[in-house]
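Visitor: A predicted structure for the sequence below; I have some questions about it.
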Amino acid sequence: MQGLRQIFSVISLLLILASCDDSKKPADTLSTGTVEISVDEAYKPIIDEQLKVFDSSYPDAHIIIHYKPESECFKDLFERKTKLILVTRPLTKDEKDYCEQKQIVPFGEAIAEDAVAVIVNNASPDSMMSTDAIKGILTGVYKNKYTAVFDNEGSGVVRYITDTVLQGQKLANNVYAAKSNNAVIDYVEKNEHAIGFLGLNYVCGPEDSSGTGSFIRNVKVVSVYNDSAKTFYQPYQAVIALKLYPFTRKLYYIKSENYPGLGTGFANFLSRERGQLIFAHAHLFPLKMNIIIRDAAINTDH
């Protein structure tokens, strides 16, 4: 009897240890489970498309996306509300130091490149602008009076314009937040003296017969002057790839998972062939696959 008791005790101990080990296993894997992620709202159209394809490939995976201003995405990462964010800049040194203090181990890389599109009303005479003119509008010194609208005060578009374009100069009193990218388009469409700044994929229309894509027609997408090339450019994909359009930026994923979880699985998907092709079809320039850009000559003899 004593021997049987010892055997039962050993079996019970093993079952307890096994249950403890199971409890330590992550609830999600690269292709299963549920995860919440935070995404810069300027990328909603393209990330929605990415999610459709990902969901169809991995039916046991459930990704809940919260679209919000970029500043809120970083806040979610630092407060451990999410383990994956999609934003338009990498972590700063101070942010990396903060993560180290909080024992957050982030990893990130750029996966695509796009642009900040500038739009004006179809009746506006200013469909071609220099960078200096755009700076003048935003700082209130341009010759023509404009009302400038962005998507959100904490958005990646605002941060890019203030940090990279204005380089610290203050925005004037004629600059407002419209609360969403669609609201920016709507405001500019209805107001002749308005100028809007928003994510590129909100102004991209369907592909035209040449396969190069087009822009929406209810507003004008401004051509911006490149001082080095001495030419005006609109934010087409090849122009972005060659860095000829002045207002280009990158899309980064930053994750803090320390195991192969679903956040990592989605980041991997965005970085590999299918995800990269979806970026390309949405007129962004994919950074993790090889794309050949060829010069095209137009025959004008006919």
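Guide: Great, that's in hand. What you see is a predicted model, and the numbers here were worked out from it, not measured in a lab.
Visitor: partner strands of whichever strand or helix holds Ile119, parallel or antiparallel?
Guide: Secondary structure assignment for Ile119, by DSSP states H and E: strand 107-120. According to DSSP bridges, strand 107-120 forms sheet pairs with strand 194-199 (antiparallel), strand 220-221 (antiparallel), strand 248-255 (antiparallel), strand 285-286 (antiparallel).
Visitor: chain center to it, what's the gap?
Guide: Centroid displacement of strand 107-120 relative to its chain, using Cα atoms, centre = their mean, to the nearest Å, is 6 Å.
Visitor: which SSE is immediately downstream of it?
Guide: Heading towards the C-terminus - elements assigned by DSSP H and E - strand 107-120 is followed by strand 128-129.
Visitor: so which bits of the very next helix or strand once past that next one are buried?
Guide: Past strand 128-129, further along toward the C-terminus, the next helix or strand under DSSP H and E is helix 131-139. For helix 131-139, burial by neighbour count (16 or more other Cβ atoms under 10 Å) applies to Ala133, Ile134, Lys135, Gly136, Ile137, Leu138, Thr139. To be clear about C-beta, it is placed using only N, CA and C from the backbone, and glycine gets the same treatment.
Visitor: so what's Glu192 up against?
Guide: The contact partners of Glu192, taken as Cβ atoms under 8 Å, 6 or more residues apart in numbering, are Asn121, Ala123, Ser124.
Visitor: now do Ser38
Guide: Taking Cβ under 8 Å, 6+ apart, one finds Ile65, His66, Lys68, Glu72, Cys73, Asp76, Leu77, Lys81, Thr82, Leu84, Ile85, Leu86 in contact with Ser38.
Visitor: quick one, strands of this structure?
Guide: Ranges of strands in the chain, per DSSP state E, are 33-40, 61-68, 84-87, 107-120, 128-129, 147-150, 175-177, 194-199, 220-221, 223-226, 231-233, 248-255, 285-286.
Visitor: returning to that earlier point: can you tell me which of the buried residues of helix 131-139 is closest to Tyr146?
Guide: Ile137 (4.9 Å; Cβ to Cβ).
Visitor: tell me how many other residues surround the residue nearest to Ser223 when sequence neighbours are not counted.
Guide: With Cβ to Cβ, 6 or more residues apart in numbering as the criterion, Ser223 has its nearest non-adjacent residue at 3.8 Å, and that residue is Phe232. Close neighbours of Phe232, defined as other Cβ atoms under 10 Å, add up to 16.
Visitor: tell me the pLDDT at Phe232?
Guide: Predicted confidence (pLDDT) at Phe232: the value is 97.
Visitor: that one pairs with what?
Guide: Tyr225.
Visitor: ok, it touching Val221?
Guide: No. Counting by Cβ atoms under 8 Å, Phe232 stays clear of Val221, with 11.5 Å between them.
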